[in-house]
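Participant: Need the 3D shape of this:
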Amino acid sequence: MIAGVVSISGAALFSFALLSKVVEKMVSLSVGIMLATSLLHALPEAFESGADIKSLFATLLAGLLAFFLLEKVALLRHSHHHEGDGHHHAHGHDAREAGKSGWMILLGDGMHNFTDGILIAAAFLADPEVGIVTALAIVAHEIPQEIGDFIVLLNAGFSRLRAYVFNLLCSLLAVAGGLLGYFTLDQASGLIPYVLVFASSGFIYIAVSDLMPQMQRRATLKESVPQVFLIALGVAIVVALHAF
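Facilitator: From the prediction side, this is the model:
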């Protein structure tokens, strides 16, 4: 619980203080963070776990299709009409429509937090000192990911308070994962690779399906250069923390 509160509060402080005024531009940073977290951290960890590779790829496929269907059935459907498309839309239409992806980011983040809880429990059962170090490591890698999530939620039209509260509620899934890991470690550990892959499929889908198309709508050279730089910065942040 402490790891979740600290990481989310740290990310919120940074996001609200520095990024809220330029949130549309900072979507690029979120894309870099989300893709790097999924493709360079979570998925390699899942595939190196010894779980059946075909089953993991099947989970990735199922996850991508599941998030697609969530959008498609209008639970979280994203409209591709935007303020600059020649149609008549009220100001702020883009943010409200893009915001449907906010619920998907919360779902993926909740599942990721669940696996973090299992990992912390496993570490504490091995050695309390290892558990503390593991919790600190999770805080370190969660902060940039949560910054990315906050950017998506603010871009989605969530208020600061609403974004913070929903992210905080998602963090409670780490507590659920910790309890499950503590009492049923063998079975819970076997779930980790699959939950990581499913959560990663959500991050990848949101980045590629929702955020990148937003960035492509304004594809002038003046706007494209900062986008590429911020994506690279997001990747570099995740790589640096993972190496550390």
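
Participant: which residues of the protein fall in helices?
Facilitator: Assigned by DSSP state H, the helices in the chain fall at 2-14, 23-36, 43-47, 53-72, 93-98, 100-126, 128-155, 160-183, 185-205, 212-216, 221-243.

Participant: pLDDT on the longest one, on average?
Facilitator: Right, the one you point to is helix 128-155. For helix 128-155, mean pLDDT rounds to 80.

Participant: how far is that helix from where the chain is centred?
Facilitator: 10 Å (Cα atoms, centre = their mean, to the nearest Å).

Participant: Can you spell out which helices and strands pack onto it?
Facilitator: helix 2-14, helix 23-36, helix 100-126, helix 160-183, helix 221-243 (3 or more Cβ pairs under 8 Å, 6 or more residues apart in numbering; DSSP states H and E). C-beta coordinates here come from the backbone N, C-alpha and C atoms, glycine included.

Participant: 6 Å instead, please
Facilitator: helix 2-14, helix 23-36, helix 100-126, helix 221-243 (3 or more Cβ pairs under 6 Å, 6 or more residues apart in numbering; DSSP states H and E).

Participant: Also the second one?
Facilitator: If you count contacts as 3+ Cβ pairs under 6 Å, 6+ apart, helix 23-36 packs onto helix 128-155, helix 221-243.

Participant: hey, which of these is tucked in deepest?
Facilitator: Mean neighbour count (mean count of other Cβ atoms under 10 Å) peaks for helix 128-155 among the helices and strands packed on helix 23-36, with a mean of 21.

Participant: Report the inter-axis angle for it versus helix 2-14.
Facilitator: Calculated by axes from the mean of the first three to the mean of the last three Cα atoms, to 10 degrees, helix 128-155 forms an angle of 40 degrees with helix 2-14.

Participant: ok and helix 128-155 relative to helix 23-36, angle-wise?
Facilitator: 140 degrees.

Participant: if we can go back for a sec, now for the helices and strands packed on helix 128-155, which one comes closest to residue 146?
Facilitator: Between residue 146 and the helices and strands packed on helix 128-155, the shortest separation by Cβ to Cβ is 3.4 Å, and it involves helix 2-14.

Participant: by how many degrees do the closest one and helix 100-126 diverge?
Facilitator: Using the same axes, to 10 degrees: helix 2-14 against helix 100-126 is 140 degrees.

Participant: Buried ones in helix 2-14, by neighbour count?
Facilitator: Buried residues in helix 2-14, defined by neighbour count with 16 or more other Cβ atoms under 10 Å: 3, 4, 6, 7, 8, 9, 10, 11, 12.

Participant: which stretch in the helices of the chain has the least confidence?
Facilitator: Looking at these, the bottom one is helix 93-98 with a mean of 47.

Participant: Residue 134 and residue 140: what is the separation?
Facilitator: Going from residue 134 to residue 140 by Cβ to Cβ, to the nearest Å gives 11 Å.
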